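Visitor: model this:
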Amino acid sequence: MTIIDFYHVDSFEIFEYLNIAKNLEDLGCEINLVLPDSNTGWFDKTVAEEIYDDLGIKYSHLPSANVDMVITTQYHNVINIPEYKNAISCRLVYGINSEKNFTYSYKSSIPFDIVVCPGEFSFNLLKRYTHPIIGGYPKYDPYFLGKYQRDKLLKYYVLQDNGKKNILYLPTWASESSLGNCDQFLVKLSNYYNIIIKPHHVSLRKEKFRWQDLSRHNDLHIISNVSPLPELLTLSDIVISDALSGSFWESILIGQKPTLGLMYGKNHRLRNMEKRVDEFAIISRDSTSVESDFYRAIDFYNTNKEQILEDKKKFISYADGTAGRKTAEGLLHFIEMYNHSKWLQIEHTVRRILFGYFSANVIMSLGSTCFRYLKGNRS
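Guide: Residues are numbered from 1 along each chain as shown. As a prediction, the model looks like this:
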């Protein structure tokens with residue numbers, strides 16, 4: 001039996017993993033959801049345990065013995081432990097944005113045997129460094145299949161069904177976050193809309209000071225726990241999101257919501273999709289004009305919706321609710337290929353030994369030429 005570990009370093013990964021894990025189980029695999037005791041300074045393990053306990057899903061604190069593949073969303077060093085020496089390493093991409101130069105960088109990709117990505121755009125960027133497969137957005141399968149019921153979610157999140165439209169505000173964290181820059185505008189909007197605020201999962205535990213002022217306003221509904229974005233998009237009519245956040249793209253391309261992008265603070269080096277934000281939404285770069293930008297954003301989306309949905313095909317595959325199944329099948333196909341390919345096995349050893357422990361430091365000096373050579377000459 002094929003054994004696959006899903007390795008956690010943050011509770012948000014639960015909603016990225018679950019649908020893939022379920023489909024792998026349906027295909028006869030043994031699945032181990034690993035909540036390691038390490039990474040205690042970062043990993044909100046207790047929160048992850050509570051979520052799994054509420055869902056009635058078993059998890060473990062230890063890696064599997066004789067595991068065939070290990071999956072993470074983070075850098076390779078988190079899984080570069082003795083127990084996974086012989087395991088195929090896989091990174092699951094959870095967005096089409098660059099995310100602080102992580103998603104498509106050599107240092108986050110070369111050490112992995114395989115990377116699962118959302119669509120053709122991601123595939124073409126990642127194939128320079130590793131073996132990507134297109135898996136869509138498995139966490140959104142229920143959303144695409146229409147399985148979420150808005151009235152039930154309103155009750156679950158204790159939200160009013162008062163006839164007003166719901167605005168979902170999704171700030172990111174660290175220097176790219178708009179938290180604190182548009183508080184008064186949100187308070188003003190609450191006179192006409194229901195305002196739902198979902199701080200980033202890192203802000204929930206590491207940056208509480210940034211959203212505490214907002215929590216004092218009774219007319220603003222703050223969701224202060226880890227929640228799946230597909231549920232929140234089901235509840236929302238309009239979205240305000242930091243434009244450098246993955247939720248910006250998910251709101252527009254998946255949720256199909258009129259979206260205002262915020263880009264405040266210092267100048268960031270824009271890469272890949274971040275360079276194209278103005279093609280998909282109105283971007284507010286000055287908080288003093290956020291109100292007019294908000295209403296322009298609604299008009300922009302309604303005017304450009306057809307073109308946006310056409311462009312979506314380049315970025316997101318399997319938007320028919322089959323992403324979890326397609327990802328599971330792709331992973332099993334790669335495992336079968338790996339077991340019969342000496343080149344893939346040699347690559348695994350080189351990636352793990354040469355780049356696994358030192359990924360960010362060594363790759364810069366050695367480059368990726370050798371891997372392009374290996375990929376071009378494998379049998």
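Visitor: okay, CA-based contacts and neighbour counts for the rest of this
Guide: Will do.
Visitor: low-confidence bits of this protein, can you list those?
Guide: Within the chain, the segments meeting pLDDT under 70 span 39-40, 357-379.
Visitor: now do the residue nearest to the spatial centre of the chain against Cys117, distance only.
Guide: Centroid-nearest residue in the chain, with C-alpha atoms, centre = their mean: Tyr94, separated by 2.8 Å. Tyr94 sits 7 Å away from Cys117, going by C-alpha to C-alpha, to the nearest Å.
Visitor: Arg271 now?
Guide: For Arg271, the distance to Cys117 - C-alpha to C-alpha - is 17 Å.
Visitor: so for those two, which sits in the more crowded spot?
Guide: Cys117 (27 against 15; other C-alpha atoms under 10 Å).
Visitor: quick check: that one touching Pro138?
Guide: No - with contact defined as C-alpha atoms under 8 Å, Cys117 does not count as touching Pro138 (10.3 Å).
Visitor: between the two ends of stretch 34-52, what distance do you get?
Guide: 11 Å.
Visitor: report the buried residues of that stretch.
Guide: Val34, Leu35, Pro36, Phe43, Asp44, Lys45, Ala48, Glu49, Ile51, Tyr52 (16 or more other C-alpha atoms under 10 Å).
Visitor: could you do stretch 147-158 as well?
Guide: For stretch 147-158, by 16+ other C-alpha under 10 Å, it's Arg150, Leu154, Tyr157.
Visitor: show me the strands in the stretch 51-200 of the chain, by range?
Guide: Taking DSSP state E, counting those that start in this stretch as the test, the strands found in the stretch 51-200 of the chain are 69-72, 88-92, 114-117, 131-134, 166-170, 194-197.
Visitor: go through those strands and name the closest to Tyr264.
Guide: strand 166-170 (14.0 Å; C-alpha to C-alpha).
Visitor: got the contact list for that closest one?
Guide: Strand 166-170 has contacts (C-alpha atoms under 8 Å, 6 or more residues apart in numbering) with 193-200, 232-233, 235-242, 247.
Visitor: could you do stretch 130-143 as well?
Guide: 15-20, 94, 109-120, 123, 126, 148, 230-231, 234, 316-324, 326-327, 330, 371.
Visitor: please redo it, this time with the cut-off set to 7 Å
Guide: 15-16, 19-20, 109-110, 112-119, 123, 126, 148, 230, 316-318, 321-324, 326-327, 330 (C-alpha atoms under 7 Å, 6 or more residues apart in numbering).
Visitor: cool, and stretch 243-254?
Guide: 95-97, 99, 172, 176, 239, 241-242, 257-259, 261-263, 274, 277, 309, 312.
Visitor: would you mind measuring from Lys198 to Gly95?
Guide: From Lys198 to Gly95 the distance is 18 Å (C-alpha to C-alpha).
Visitor: scratch that, Thr259
Guide: Look at Thr259 and Gly95: by C-alpha to C-alpha, they are 17 Å apart.
Visitor: the more surrounded of those two?
Guide: Set Thr259 next to Gly95 and count neighbours by other C-alpha under 10 Å: Thr259 wins out with 33 against 21.
Visitor: how many neighbours does the nearest residue to Ser224 once chain neighbours are set aside have?
Guide: Leaving aside its chain neighbours, Ser224 sits nearest to Leu204 (6.4 Å; criterion: C-alpha to C-alpha, 6 or more residues apart in numbering). The tally of other residues near Leu204 (other C-alpha under 10 Å) stands at 18.
Visitor: what does Ser227 give?
Guide: Ser227 - counted by other C-alpha under 10 Å - has 16 other residues nearby.
Visitor: can you tell me how far it is from His201?
Guide: 9 Å.
Visitor: among the contacts of strand 166-170, which ones are in helices?
Guide: Leu232, Leu233, Leu235, Ser247 (DSSP state H).
Visitor: which among those residues gets closest to Asp299?
Guide: Closest approach between those and Asp299, by C-alpha to C-alpha: Leu233, at 19.1 Å.
Visitor: the closest one contacts Gln256, doesn't it?
Guide: No - counting by C-alpha atoms under 7 Å, Leu233 does not reach Gln256; the two are 9.0 Å apart.
Visitor: tell me which of the two has more neighbours.
Guide: Leu233 (23 against 18).
Visitor: buried residues, the longest helix along the chain. List them.
Guide: The longest helix of the chain (DSSP H) is helix 290-315. Going by neighbour count (16+ other C-alpha under 10 Å), the buried part of helix 290-315 is 290-291, 293-294, 296-301, 305, 308, 312, 315.
Visitor: show me which pair in these is furthest apart.
Guide: Based on C-alpha to C-alpha, the longest span within those runs between Glu291 and Phe315 and measures 29.9 Å.
Visitor: now the ones in helices among the contacts of strand 166-170 in CSV, please, with extra columns for distance to Tyr84.
Guide: As requested, those are arranged in CSV below (distance: C-alpha to C-alpha, whole Å):
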residue, distance to Tyr84
Leu232, 36
Leu233, 37
Leu235, 40
Ser247, 32
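Visitor: which among these end up buried?
Guide: Leu232, Leu233, Leu235, Ser247.
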